[in-house]
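Q: Any chance you can model this:
(one chain, ligands or ions: 1)
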Amino acid sequence: MSIQYDEPLADSYGVADSFTKTFDYGEDEADIEDCPAPSDSKPRILLMGLRRSGKSSIQKVVFHKMSPNETLFLESTNKIYKDDISSSSFVNFQIWDFPGQVDFFDPTFDYEMIFRGTGALIFVIDAQDDYVEALGRLHLTVSRAYRVNPDINFEVFIHKVDGLSDDHKIETQRDIHQRANDDLTDASLEKLHLSFYLTSIYDHSIFEAFSKVVQKLIPQLPTLENLLNIFISNSGIEKAFLFDVVSKIYIATDSSPVDMQSYELCCDMIDVVIDVSCIYGLKEDGSGIAYDKESMAIIKLNNTTVLYLKEVTKFLALVCILREESFERKVIHCIPEEKHHGGAVEEVAITALIQHKSQSKLRPFDFLPQSYIGFMEDLFCRREACFFGSVRWLHHCGLTQALKNIELGVFQ
Ligand SMILES: Nc1nc2c(ncn2[C@@H]2O[C@H](COP(=O)(O)OP(=O)(O)OP(=O)(O)O)[C@@H](O)[C@H]2O)c(=O)[nH]1
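A: From the prediction side, this is the model:
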């Protein structure tokens, strides 16, 4: 395996702070009564479920880099615990971890106010325990929430499945799915849709499930997927993910199916890049940050697979899996001699294409004949454009702008 690494890694992005913050487990806790009015607060994802079902562990493992074994020592949550992760993550939301014993009939619990500003409600069921009580609680919770806010996405994590055999997992999912939906039908709530996920903090399933929960809350997701689709089909890439670097949830991918192995490979690559960067990328006095706009890495595996990571924004990375042949393809070899306009042909051609594709009014390379642009388009269509050209194209053809818009208001 060879790693190419772009130095220096120090810049003004300030993600180091975020990384340090993620290791600080002591955030503020707030009483239920302290909840701000929905209009003042960030969009939120609620984590609910019975005591000891694993809610706090999920939040700590996904957003605070706690190792799964450390969760054994987590104390029971007694108050609503609000975690604002927008300072360390692309996704601008709060996660509210509820104590297991929340009582909807308690007059001090203003559930209407809480549900009104909620984007997604994750209900965690411990699959290693008897789940009859959890199903009753799930029904009570989602039916209340739905009546207040029918736009909430209801997500059920069938959790701790690491202790179950494959057959047992499928059977448990089928049974929980059936019973939960029967309860909804009995209550004439057929329109209430529940999504189910098998999760564990001991593998990547919890990150994958969280990725899907978050993606549903991004209205611009089809645009991002579309860009990634065009990108991979023009460059011979097999799979492309846009990753939130700190949490390792992916906020978008192309529309080819996600297989767990590819996802895990990309997650591991992020870890490698950040770890190497923390060791070798900082300045001698230890200042600087581990992830910035210079961050880029290529890992060549010994089975002709190439992993490619490139910074997109201070929180996001594009991570791709491709074959060596696609990676090495160079557009320059395909351009006939008479089309060369001096030295940096590739640079000029790609920039021209970017301008052309984005229909920008500024066209500094307008001097290039239309046929030339057509020729380049043709190369892209024939999947002969070079890999790096495609990466630049993706950046310029709207990805950066699309992401900026999302950052401005992910849920609006
Ligand atoms: N095997 C296994 N254990 C888990 C998993 N997730 C959490 N746990 C364990 O479950 C126990 C309870 O986890 P917590 O995160 O404290 O549960 P909680 O739902 O926040 O509990 P309350 O705060 O009491 O509501 C801990 O010992 C965790 O280590 C998992 O995916 N697999």
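
Q: which bits of the stretch 301-412 of the chain sit near the ligand?
A: Neighbours of the ligand within the stretch 301-412 of the chain, by CB under 6 Å from any ligand atom: none found. C-beta: built from backbone N, CA, C; applies to glycine.

Q: Need the CA coordinates for stretch 99-118. PDB is fine.
A: Coordinates of the C-alpha atoms in stretch 99-118 are reproduced here as PDB (Å, rounded to 0.1, in the frame of the first residue of the first chain):
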ATOM      1  CA  PRO A  99     -33.600   9.700  29.600                       C
ATOM      2  CA  GLY A 100     -35.300   6.300  29.300                       C
ATOM      3  CA  GLN A 101     -38.100   7.100  31.700                       C
ATOM      4  CA  VAL A 102     -39.600  10.200  30.000                       C
ATOM      5  CA  ASP A 103     -43.300  10.400  31.000                       C
ATOM      6  CA  PHE A 104     -45.600  11.900  28.400                       C
ATOM      7  CA  PHE A 105     -48.200  12.400  31.100                       C
ATOM      8  CA  ASP A 106     -45.900  14.500  33.200                       C
ATOM      9  CA  PRO A 107     -47.300  18.100  32.900                       C
ATOM     10  CA  THR A 108     -43.800  19.600  33.000                       C
ATOM     11  CA  PHE A 109     -42.800  17.700  29.900                       C
ATOM     12  CA  ASP A 110     -43.800  19.900  27.000                       C
ATOM     13  CA  TYR A 111     -43.700  17.300  24.300                       C
ATOM     14  CA  GLU A 112     -45.700  19.500  21.800                       C
ATOM     15  CA  MET A 113     -43.000  22.100  21.800                       C
ATOM     16  CA  ILE A 114     -40.300  19.400  21.500                       C
ATOM     17  CA  PHE A 115     -41.900  17.500  18.600                       C
ATOM     18  CA  ARG A 116     -42.800  20.700  16.700                       C
ATOM     19  CA  GLY A 117     -39.100  21.500  16.000                       C
ATOM     20  CA  THR A 118     -38.000  18.000  15.300                       C
END
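
Q: is the ligand contacted by that stretch?
A: Yes. Using CB under 6 Å from any ligand atom, stretch 99-118 reaches the ligand at 99-100.

Q: give me the element residue 96 is part of.
A: strand 94-97 (DSSP states H and E).

Q: For residue 57, which non-adjacent residue is spatially closest?
A: residue 71 (3.7 Å; CB to CB, 6 or more residues apart in numbering).

Q: Provide the secondary structure category for that neighbour.
A: Under DSSP: H, G, I helix; E, B strand; the rest coil, the three-state class of residue 71 is helix.

Q: and it, how many neighbours?
A: 17 (other CB atoms under 10 Å).

Q: hmm, which helix or strand of the chain has the shakiest average pLDDT?
A: Least confident helix or strand of the chain, by mean pLDDT, DSSP states H and E, is helix 15-22 with a mean of 32.

Q: Now the element after that one, going C-ward?
A: Immediately after helix 15-22, counting by DSSP H and E, sits strand 44-49.

Q: List of residues touching that following strand?
A: 55, 58-59, 93-98, 100, 102, 114, 117-126, 134, 137-138, 141, 157, 159, 213-214, 217 (CB atoms under 8 Å, 6 or more residues apart in numbering).

Q: same question, stretch 198-205
A: Against stretch 198-205 from outside (CB under 8 Å, 6+ apart): 54, 57-58, 61, 68, 71, 127, 157-162, 169, 173, 197, 206, 209, 260, 263-264, 267.

Q: re the thing from before, mind listing which of the contacts of strand 44-49 are in strands?
A: 94-97, 118-126, 157, 159 (DSSP state E).

Q: ok, back up a step: okay, and which of the contacts of stretch 198-205 map to helices?
A: 57-58, 61, 169, 173, 206, 209, 260, 263-264, 267 (DSSP state H).

Q: Save those residues as TSV, and put in neighbour count, pLDDT and distance to the ligand too.
A: Output for these, formatted as TSV (neighbours: other CB atoms under 10 Å; pLDDT from 0 to 100; distance: CB to the nearest ligand atom, whole Å):
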residue	neighbour count	pLDDT	distance to the ligand
57	23	94	3
58	25	93	7
61	22	92	8
169	17	93	12
173	18	94	15
206	23	95	7
209	25	94	11
260	11	87	16
263	23	92	17
264	15	91	16
267	19	92	17
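
Q: Could you identify the most distant pair in the residues you listed?
A: The span of these, defined through CB to CB, is set by 173 and 267 at 23.4 Å.

Q: Show me where the stretch 1-150 of the chain dips below the pLDDT cut-off.
A: 1-43, 86-88, 92, 101-105 (pLDDT under 70).

Q: Return the residues of it in contact with the ligand.
A: Going by CB under 6 Å from any ligand atom, the residues of the stretch 1-150 of the chain near the ligand are 49, 51-57, 71-72, 74, 76-77, 99-100.
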